[in-house]
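A.B. asks: model the following, please.
(2 chains)
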Amino acid sequence: MDATPLLSVENLAVRFPGARNWFGRVTSEVHAVNNVDLVVLPGESLGIVGESGCGKSTLVQAVIGLVAPTSGRVVVEGHDFAATSGRQKTQIRQKMQIVFQDPQSSLDPRLPVWRLITEPLHIRGGMSAAALRTRARELAVSVGLRSEHLDRLAHEFSGGQRQRIAIARALSTDPELLILDEPTSALDVSVQAQIINLLLKLQRELGLSYLFISHDVSLVRHFCDRVAVMYLGQIVETGPSSAVFDHPAHPYTQTLLASVPSLQNSLQEIDASLTGELPNNRRLPTGCYYRERCLVSSAGCEKLQDLATVASIGHDVKTPNEAGISDHMVRCHVGVTAALRLEHLA
Amino acid sequence: MTMTVPGERSLTALAMLRSRLHFLWYLTRRSPLTVVGFLIILLVIIMVIGAPLIAPYDPNKVMLSSRLLPPSSIHWFGTDEVGRDLFSRVVYGSRASCGAAFMIVFISMSVGVFLGCLSGVVGGMFDSAMMRTMDVVLALPALVLAMALAAALGPSLFNSMLAVAIVRIPAYVRLSRGQTLSLRERIFVKASRTFGASNLYILRWHLLPNALSPLIVQATLDLGGIVLIAAALSFIGLGAQPPTAEWGALVSSGRSFILDQWWYGTFPGLAILVTAMGCNLLGDGIRDMLDPRLGPSE
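C.D. replies: Next up is the predicted model:
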């Protein structure tokens, strides 16, 4: 496996002006993303989970360049995305493509499918209409659409087919990384499975990397090699999917997993009072961000927590990794020791 | 693979033609009024283009021997006080009346859409200044501005057209600015940005095509009102000057004969009425038609 990361997000922070005073000066800020570090290696899937409003979508928008980061860098194959321009920026753009949540609104209602699929190529320029059509046909077939669909408009398709169009569009420039911003949450459950299987198939065939954003914990567990759990714009736990989901070390991850309904975990038993709500992100909590909702908060929680490698308790699946990228890490001084996890298992 | 492309394309073109025809039939059943409006406008356009072929007489030829004749098989709409054939004058009058209306809509729409899109894309101080200016223009009544222009530059059809066009600009500025602002935030525009699209590309391929349908509807609906305004300006003497045949001017000169020679003012008036109605019917129909969710597949 290539050791250089395809995408690395370094200390990324995004803040929006929340309110302005009479003179237009910003009086409060919304802290959407707080110092996030991420690495996506070639060929792997990194999942980002977290509840609504935790900053997942802002993170994605900052990575793809739709939102200017307040601080930090997005580095694609060794190039700082924001600092490059011209031809180099065009080249970097080809490597990284995005599939949005709602295919209904991410496809222009007035363009035929072949134009939608080849839009990134059309913007890049230098291809004739016939060449674009040929490419569109190849891409359409590869995502399971038929060539007679090419002249139709997006509204003539079902949600699943529209998402296939969006995926074909993202694939048009032969990218190495696809950013999937909740690609299935707008779809029916049966269609979700088809799209997920399509994505897995494409990953096998093309060696793609995925940055997969979702609030669906079971989907991420099934789909991703590694996972990062976000809370209030911060990554609180990261590691191989199996380690994080089977042996969650952060109290928030444990609450998140406990709130997923399953056969073992019926809806009546999920205690809503435990889960609570996200605190206001206008004024960040001091110390550990999760302190106010945490069940195990104790002395030391008033200090800002750092990500630390979780002590192994024997049955963690250790994957071979480079420079600690795949380590199971947690931002909690309680969870970092084995005690909390053993308690969770019991 | 490339060999199959031409054949398949002509096949899809045929299918598209069939679906278009089917759509027309569907439209006729669903909203016959649109088709009526369409036919009226078609008739008016034929009249404007083919005036010399349709009109049986020279519209300005004076025949003092046949003054104020009632409608007959020789003079369909009768004649005026100097013996000119009214049918020919109404047919030729369509050129002045509808030509003026088209020009007004064209000028105000192109200027308005340009300013509106610019305002929406640039934003900030420019946007505020533009919108306040448009508020001022919006406060000007068309007739008063036309009178002022006529006083300053002399009464002519062009000056009154200019006045109406200026007054109509704010509607297009506001509409296209609003469209630009809302479309800019749509995800497909954002997606296009992530593919590296420039402002110009987004304007050409996403903003304009999606903003166009409300603009076309607005323009078609406006056309009806503007036919009326242009006629009104000529009626009070600010527009077309004699001996030019123009519907408003014809109604105006027919006014003095309305009690004894009813046909003089009636037929040009009917022409105005029918044209304005046709524009409105067609505008309503186009609004339904241009909504992409009301396509032939449904």
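A.B. asks: show me the contacts for the residue lying closest to B:Ser156 once chain neighbours are set aside.
C.D. replies: Using Cβ to Cβ, 6 or more residues apart in numbering or on different chains and skipping the chain neighbours, the partner closest in space to B:Ser156 is B:Gln241 (6.6 Å). From N, CA and C alone the C-beta is placed, and that goes for glycine too. Contacts here follow Cβ atoms under 8 Å, 6 or more residues apart in numbering or on different chains; on that basis B:Gln241 touches B:155-157, B:249.
A.B. asks: now swap in A:Asp216 and tell me
C.D. replies: Counting by Cβ under 8 Å, 6+ apart, A:Asp216 touches A:49, A:184-185.
A.B. asks: cutoff 7 Å now
C.D. replies: For A:Asp216, the contacting residues are A:Ser185, by Cβ atoms under 7 Å, 6 or more residues apart in numbering or on different chains.
A.B. asks: which SS state does the residue nearest to B:Ser156 fall under?
C.D. replies: Under the three-state scheme (DSSP: H, G, I helix; E, B strand; the rest coil), B:Gln241 adopts coil.
A.B. asks: isn't there a helix covering B:Gly116?
C.D. replies: Yes: when classified by three-state DSSP, B:Gly116 is found to be part of a helix.
A.B. asks: do you know how far it is from B:Ala171?
C.D. replies: From B:Gly116 over to B:Ala171 the distance is 10 Å, taken as Cβ to Cβ, to the nearest Å.
A.B. asks: ok, B:Ala146 next?
C.D. replies: B:Ala146 is 17 Å from B:Ala171, by Cβ to Cβ.
A.B. asks: neighbour count for those two, which is higher?
C.D. replies: Of the pair B:Ala146 and B:Ala171, B:Ala146 is the one with more neighbours under other Cβ atoms under 10 Å in any protein chain shown, namely 27 against 19.
A.B. asks: any idea how far the nearest residue to the more buried one once chain neighbours are set aside lies from B:Leu143?
C.D. replies: Across the structure, with Cβ to Cβ, 6+ apart as the measure, the residue nearest B:Ala146 apart from its sequence neighbours is B:Ala163 (3.7 Å). Taking Cβ to Cβ as the measure, B:Ala163 falls 8 Å from B:Leu143.
A.B. asks: which one of the two has more residues nearby?
C.D. replies: Counted by other Cβ under 10 Å, B:Ala163 and B:Leu143 do not tie: B:Ala163 has more neighbours, with 27 against 17.
A.B. asks: element containing the residue nearest to B:Ala146?
C.D. replies: Counting by DSSP states H and E, the element that carries B:Ala163 is helix B:157-184.
A.B. asks: that helix: what's the following helix or strand?
C.D. replies: Along the chain past helix B:157-184, the next helix or strand (assigned with DSSP H and E) turns out to be helix B:187-194.
A.B. asks: show me where chain B has helices.
C.D. replies: Assigned by DSSP state H, chain B shows helices spanning B:4-30, B:32-49, B:51-54, B:86-122, B:124-138, B:142-153, B:157-184, B:187-194, B:199-202, B:208-235, B:247-254, B:262-290.
A.B. asks: try chain A
C.D. replies: When assigned using DSSP H, the helices of chain A occupy the ranges A:56-64, A:86-95, A:103-106, A:113-117, A:119-124, A:129-142, A:159-171, A:189-206, A:217-223, A:241-246, A:251-258, A:272-275, A:339-345.
A.B. asks: any chance of these in a markdown table, with distance to B:Ser94 too?
C.D. replies: Output for the helices of chain A, formatted as a markdown table (distance: least, Cβ to Cβ, whole Å):
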| stretch | distance to B:Ser94 |
| --- | --- |
| helix A:56-64 | 55 |
| helix A:86-95 | 54 |
| helix A:103-106 | 45 |
| helix A:113-117 | 40 |
| helix A:119-124 | 43 |
| helix A:129-142 | 41 |
| helix A:159-171 | 47 |
| helix A:189-206 | 56 |
| helix A:217-223 | 66 |
| helix A:241-246 | 74 |
| helix A:251-258 | 72 |
| helix A:272-275 | 72 |
| helix A:339-345 | 84 |
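A.B. asks: how about the residues of the stretch 51-200 of chain B that lie near chain A?
C.D. replies: On the criterion Cβ under 7 Å from any Cβ of the partner chain, chain A has as its neighbours in the stretch 51-200 of chain B the residues B:186-188, B:190-197.
A.B. asks: restricted to buried residues, select the residues you listed in PyMOL.
C.D. replies: The following PyMOL line selects those of these that are buried, judged by 16 or more other Cβ atoms under 10 Å in any protein chain shown:
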select buried, chain B and resi 186+187+188+190+191+192+193+194+195+196+197
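A.B. asks: among the residues of the stretch 51-200 of chain B next to chain A, which pair sits farthest apart?
C.D. replies: Taking every pair in those and measuring Cβ to Cβ, the maximum separation is 17.6 Å, between B:Arg186 and B:Gly196.
A.B. asks: read off the pLDDT value for B:Leu68.
C.D. replies: At B:Leu68, the pLDDT value in this model is 79.
A.B. asks: look up the closest residue to it, ignoring the ones flanking it.
C.D. replies: Nearest-residue entry for B:Leu68: B:Gln261, 5.1 Å, with adjacent residues in sequence omitted and distances by Cβ to Cβ, 6+ apart.
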